[in-house]
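In: With the sequence up front, the predicted model follows.
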Amino acid sequence: MIKPMDSVESFIRRIPKTETHLHIEGALPYDLLVELDDSRFPSQPFFRERAYKYPDFVNFETLLIDHAVQWFDSAERYHVACKRMFESMASLNVKYVETSFHLHMVEFIGVDGRDILSAIKSAVPEGMEVRVIGGMVRNGYTEVMKPIIETLHQWDELDGIDLHGQEWLDLEEWAPPVWRRCADAGKIIKAHAGEFGGPDKVYEAIDVLGSRRIQHGVRAVEDEKLVARLAEENCVLDVCPLSNEKLGVFPSLEDHSLRRLIDAGIPCTISTDDPLCFANDIVDEYIALHSRLGFSKEELAQLAKNGFVHARMSESKKSQYIAEIDAALTQ
Ligand SMILES: [Zn+2]
């Protein structure tokens, strides 16, 4: 039986949590735009209504970019946005974050990517660990981006790389060597796959890019062999349930594949993806899993623990946060 919301909600708020699938531009605090110009940015725009669903991915992506470029025009603006974004996550007891910034912004705004990286890292509050990931799109290997992409493995402050965006585009031949070099340099290797693309895109991410950390991956359920393999190889899926609902990956949250993936033994974590566009926070995600998919406190605790088990942080810190989650369960 589902327990009353208030006890579960206070449990969710209390436990240490992670976010490992979060786009900085898509996490721009909307209030910053309202403060910038409230005649252009109403405090309650249509797309931040709880029931709003995007007609398709292109519509969503266009809306995201149109809003993000109004704010992100300098490294300083990244710092200001990240400071506010990290502080509000800290208030929800988020302790570890892997967040990606869109490397192609370097081309749009003409700022050195390493300056953006430093601006993000200097915004991290005490008590939170943040790993910064550089995100690229499949067709983004332009003349300007080429020398940047080719040297990413040498950027000391960069913690990892990710493949963003439109899954229906083919993977171009520049990408696998870039992923290999970054893996060899010890960076976190990610790729978006199995959101709008089917199982073939997840196979591509693990076999061609060597990623063991898939952003979404929720459509892997369409292929039993793939599900078994993800479980066997301990591949992590960084799942964003409300994003999947709002973008129509499943008709509704009640149809989500998360439980089937977990039951098959695949380690999954929970994140918000693009809270600018979905008006969600990490507590909303856990609450939705409880109230609409019947996840118990124990199951929510396991999802939170998965975030720490697979985090790039010291073993002693991991154990500390996992012990705190276990202690909250027995209270
Ligand atoms: Zn994403």
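Out: That came through, no problem.

In: For the stretch 151-300 of the chain, just list every one of the strands.
Out: Using DSSP state E, counting those that start in this stretch, the strands of the stretch 151-300 of the chain run over 160-164, 188-189, 191-193, 213-216, 236-239, 268-270.

In: Output those as JSON lines; include the columns distance to Ser91, mean pLDDT and mean neighbour count.
Out: No exception for glycine: its C-beta is placed from N, CA and C like everyone else's. Shown next, in JSON lines, are the strands of the stretch 151-300 of the chain (distance: least, Cβ to Cβ, whole Å; pLDDT from 0 to 100; neighbours: other Cβ atoms under 10 Å):
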{"stretch": "strand 160-164", "distance to Ser91": "26", "mean pLDDT": "97", "mean neighbour count": "25"}
{"stretch": "strand 188-189", "distance to Ser91": "26", "mean pLDDT": "98", "mean neighbour count": "22"}
{"stretch": "strand 191-193", "distance to Ser91": "28", "mean pLDDT": "98", "mean neighbour count": "29"}
{"stretch": "strand 213-216", "distance to Ser91": "25", "mean pLDDT": "98", "mean neighbour count": "27"}
{"stretch": "strand 236-239", "distance to Ser91": "22", "mean pLDDT": "98", "mean neighbour count": "26"}
{"stretch": "strand 268-270", "distance to Ser91": "18", "mean pLDDT": "98", "mean neighbour count": "25"}
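
In: Now do the same contact list for Ala328.
Out: Going by Cβ atoms under 8 Å, 6 or more residues apart in numbering, Ala328 touches Phe11, Arg14, Ile15, Ala301.

In: That one: which element?
Out: Element membership for Ala328 (DSSP states H and E) is helix 315-330.

In: Enumerate the positions of that helix that are buried.
Out: Of the residues in helix 315-330, Lys318, Tyr321, Ile322, Glu324, Ile325, Ala328 count as buried by neighbour count, 16 or more other Cβ atoms under 10 Å.

In: The fifth one and Leu303, how far apart?
Out: What that stands for is Ile325. 10 Å (Cβ to Cβ, to the nearest Å).

In: Thr20 looks like it's in a strand, true?
Out: Yes - counting by DSSP: H, G, I helix; E, B strand; the rest coil, Thr20 is part of a strand.

In: Who are the contact partners of the nearest residue in space to it that is not next to it in sequence?
Out: Closest residue to Thr20 apart from its sequence neighbours, by Cβ to Cβ, 6 or more residues apart in numbering: Glu98 at 4.2 Å. Taking Cβ under 8 Å, 6+ apart, we find Glu98 in contact with 18-22, 130-131, 133, 159-160, 188, 238, 311-312.

In: Out of the residues you listed, which end up buried?
Out: So, by 16+ other Cβ under 10 Å, the buried ones in those are 18-22, 130-131, 133, 159-160, 188, 238, 311.

In: Check which helices and strands the helix or strand hosting Glu9 sits against.
Out: Using DSSP H and E, Glu9 sits in helix 5-14. With contacts defined as 3 or more Cβ pairs under 8 Å, 6 or more residues apart in numbering; DSSP states H and E, helix 5-14 has these neighbours: helix 282-293, helix 297-309, helix 315-330.

In: Mean pLDDT and distance to Leu169 added to these, as a markdown table?
Out: Formatted as a markdown table, the helices and strands packed on helix 5-14 follow (pLDDT from 0 to 100; distance: least, Cβ to Cβ, whole Å):
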| stretch | mean pLDDT | distance to Leu169 |
| --- | --- | --- |
| helix 282-293 | 98 | 28 |
| helix 297-309 | 98 | 30 |
| helix 315-330 | 97 | 36 |
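
In: which residue ranges form the strands in the stretch 1-150 of the chain?
Out: So, for the stretch 1-150 of the chain - with DSSP E, counting those that start in this stretch - the strands run 17-23, 94-102, 129-137.

In: mean confidence for the last one?
Out: What it means is strand 129-137. Here strand 129-137 scores 98 as its mean pLDDT.

In: Report all helices and strands that that strand contacts.
Out: The elements that strand 129-137 packs onto, with contact taken as 3+ Cβ pairs under 8 Å, 6+ apart, are strand 94-102, helix 113-121, strand 160-164.

In: What of the shortest one?
Out: Using 3+ Cβ pairs under 8 Å, 6+ apart as the contact test, the elements touching strand 17-23 are strand 94-102, strand 213-216, strand 236-239, strand 268-270, helix 282-293, helix 297-309.
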